[in-house]
Every structure is written in C-alpha cells, then in structure tokens.
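Chemist: I'd like to go over a predicted model; first the sequence, then the structure.
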Amino acid sequence: MGVLSAANALAALMSAGSSVAGVLRPGLALPAGEPATAGVHLYAQAYAARSLPLGVATAAAVWTGAAVAWPMLLVSGLAQVADSAIGFRQRNLGMGIGAGACAVLHLLSAWWMAR
C-alpha cells in the first residue's frame with residue numbers, strides 16, 4: 001500500500017497547497033481579466049481555512065495507515081468531486097481535470113481500504 005498511500009498523501013497536500021496559492025493570488029481561478037474583489041479574497045481565505053486542515057489530516061491518515069484513513073479519503077474525494085464540478089462549470093480545465101483525478105484516486109482508494 002506504500003505507493004497508493006504516497007499518491008493519496010501527495011494529492012491531499014497538493015489540494016491544500018492550491019488553497020494557499022489561492023490566498024496569495026486570489027485571481028488564479030478567475031477568468032482572464034476578471035478582477036479579484038474583496039469577496040473573492042474572503043472566499044479564498046475561507047476555502048483555505050477548510051482545505052488546509054482537511055488536506056493535512058488526510059495526508060497524515062493515509063501515510064500513517066490510521067484507521068480513519070478510508071473515511072478521510074471518502075470526505076476528501078467528495079470535496080474533490082465538488083471542486084472538479086466547479087472547475088468545469090467555470091471552464092477552468094486545469095481545476096476540473098486535476099480535482100477530478102484526485103477525486104477518482106481518493107474515492108477508489110477509500111473503497112479499496114474499506115472492503
């Protein structure tokens with residue numbers, strides 16, 4: 001399970017890292033030329049406040065083989081499904097495809113661990 005754990009931990013940390021990037025540059029996910037308003041800044045901070053702990057906790061759970069690893073992967077996978085849908089709806093293919101790939105990885109891994 002070493003490679004699968006490492007892949008899930010990396011995906012979770014990359015998701016958490018993207019929320020930090022969003023705080024530092026809130027306009028990253030916006031269409032070109034759209035301004036990063038005060039609301040966008042607030043949303044980026046609120047997203048990071050949830051994404052960072054979830055990503056770090058998921059990475060730690062799968063890396064250490066904790067009993068809560070599969071539920072953490074399930075929750076993280078469902079969050080990635082939502083992120084992917086948002087990305088595709090906003091025509092942000094990088095977000096849509098990247099989050100979708102992480103969703104598949106997390107959800108299949110959760111299923112594999114829970115069976």
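Modeler: Structure's in. What do you need?

Chemist: dump the residue contacts of residue 72.
Modeler: By CB atoms under 8 Å, 6 or more residues apart in numbering, the contact set of residue 72 is 57-58, 61-62. Glycine gets a C-beta too; all of them are placed from N, C-alpha and C.

Chemist: low pLDDT regions in the protein?
Modeler: With pLDDT under 70 as the threshold, the chain has low-confidence stretches at 1.

Chemist: what residue lies at the spatial centre of it?
Modeler: When the chain is reduced to its mean C-alpha position, the nearest residue by CA atoms, centre = their mean turns out to be residue 15, at 3.6 Å.

Chemist: any idea which element that one lies in?
Modeler: Per DSSP states H and E: residue 15 is located in helix 2-24.

Chemist: Tell me how far that helix lies from the chain's centre.
Modeler: Per CA atoms, centre = their mean, to the nearest Å, the displacement of helix 2-24 from the mean C-alpha position of its chain is 7 Å.
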